[in-house]
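> have a look at this prediction, sequence included:
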Amino acid sequence: MGYFRENVEKIKGYQPGFQPKQADVVKLNTNENPYPPSPLAMDVLKNISPPQLRRYPDPLGTAFREAAGKVNAVPSDWILCCNGGDDLLSIAFRAFCDEKRPVAYPVPTYSLYPVLADLQNCKAIEIPFDKEFNLPSKLASTGAALTIVCNPNAPTGSFISVNELGSLADELDTVLLIDEAYVDFAEQNCTSLVKNFDNVIILRSLSKGYSLAGLRFGYAIAQPPLIEGLIKVKDSYNVDAVAIAVASAAISDQQYFRQNVEKVKAERSKVAEQLRQIGFEVPPSSSNFVLAKSRNGKAADIYDKLVQRNIFVRYFNLPGLDDKLRITIGTAEQNDKLLNALKEILSE
Ligand SMILES: *Cc1c(COP(=O)(O)O)cnc(C)c1O
């Protein structure tokens, strides 16, 4: 007999993207933002005072709730601070799912969802996307207690319209969580749905759009009854005092945020176009990465040859993904290094 619960004993756990130790690599594998965080956020970090660390943090992160409420045009009690978007996912599984209450989501998608389902010992109903990554209509009738749609989706970069997700929210009589970790790089978001539907939770992250993956900060937007239920489930001090202060400054600096997002989007068009020119199939992306399908159907060997050149992208050895590379959009210089290396590799 192992020490762990049977479901814990059985699972492998989430496999995070590789974090190389050397500084001189081109790191395009975990969808980090290549630009630094807001200088205003860095100033707040430099000026953290001893009392801020000596005392427990505000359990609800009121300063951040107010700042995020302003940015999203919702009252502050519609916001829940989380220790990264992943914390919200974990809270949601614990709040809504158990042996009798399954989760449902379209696949392929974020590989953390099945891990959380296993930990919670709940059934995961996985509905395959079609070739164009349209929203599967079956998702409305799974009977799941929690339905998750990652939008823009990872690792495909595809986007489902706000109207379609509104129809899904309307059809479901259980909770719809829309994982908008990448929405900063899309043209639309689902904030308007939260106002119309009491069963919708939106997940946001400061890891990608705000260049703060190391800080660990994300948040939920939902109507107050859902937020209040989630508060019962979260750790009492789930976000620390430094993170609340820095995240509040970062989200308040919308001008800097928008500049960075525009730079990433401009590079995304360039990278996608050049990948197509050298023979990859690249569907449109609403995220800070592209999913590039190799012509000869082999991506693992290209991945290995990039690693030999100290260039890291993400490769998933999974059905439907094993002929593709997920490439994070980096700085112009990083992207050029990647594109030049790919040209070399393909002409070998
Ligand atoms: C990055 C990401 C998150 C949240 O990440 P955090 O770093 O925990 O904020 C959630 N969902 C998806 C699909 C992501 O890619």
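Sure thing, it's come through. Numbering: from 1, shown residues only.

> residue 348 - nearest residue in space that isn't next to it in sequence?
Excluding the flanking residues, the one nearest residue 348 by C-beta to C-beta, 6 or more residues apart in numbering is residue 305, at 7.9 Å. For the C-beta atoms, the positions are set from N, CA and C on the backbone; glycine is no exception.

> confidence score at the one you found?
Residue 305 is assigned 95 on the pLDDT scale.

> where's it, which helix or strand?
Assigned by DSSP states H and E, residue 305 belongs to helix 300-308.

> can you list the strands that the very next helix or strand once past that helix pairs with?
Toward the C-terminus, helix 300-308 is succeeded by strand 311-312 as the next helix or strand (DSSP H and E). Paired strands of strand 311-312, with direction, are strand 26-27 (parallel) (DSSP bridges).

> who are the packing partners of whichever helix or strand comes after the partner strand?
Toward the C-terminus, strand 26-27 is succeeded by helix 39-46 as the next helix or strand (DSSP H and E). Helix 39-46 sits against helix 241-252, with contacts defined as 3 or more C-beta pairs under 8 Å, 6 or more residues apart in numbering; DSSP states H and E.

> just give me how far the helix it packs on sits from the chain centre.
In terms of C-alpha atoms, centre = their mean, to the nearest Å, the centre of helix 241-252 is set 19 Å apart from its chain centre.

> what about the helices in the chain?
Here the chain has its helices, by DSSP state H, at 6-10, 39-46, 50-54, 62-72, 85-96, 112-120, 162-171, 191-196, 224-233, 241-252, 254-277, 300-308, 332-346.

> could those helices be laid out in a markdown table, adding mean neighbour count and distance to residue 291?
Below are those laid out as a markdown table (neighbours: other C-beta atoms under 10 Å; distance: least, C-beta to C-beta, whole Å):
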| stretch | mean neighbour count | distance to residue 291 |
| --- | --- | --- |
| helix 6-10 | 11 | 30 |
| helix 39-46 | 15 | 30 |
| helix 50-54 | 10 | 41 |
| helix 62-72 | 19 | 28 |
| helix 85-96 | 22 | 20 |
| helix 112-120 | 20 | 18 |
| helix 162-171 | 16 | 21 |
| helix 191-196 | 17 | 26 |
| helix 224-233 | 14 | 31 |
| helix 241-252 | 22 | 28 |
| helix 254-277 | 16 | 10 |
| helix 300-308 | 16 | 13 |
| helix 332-346 | 17 | 14 |
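
> many thanks, have a good one.
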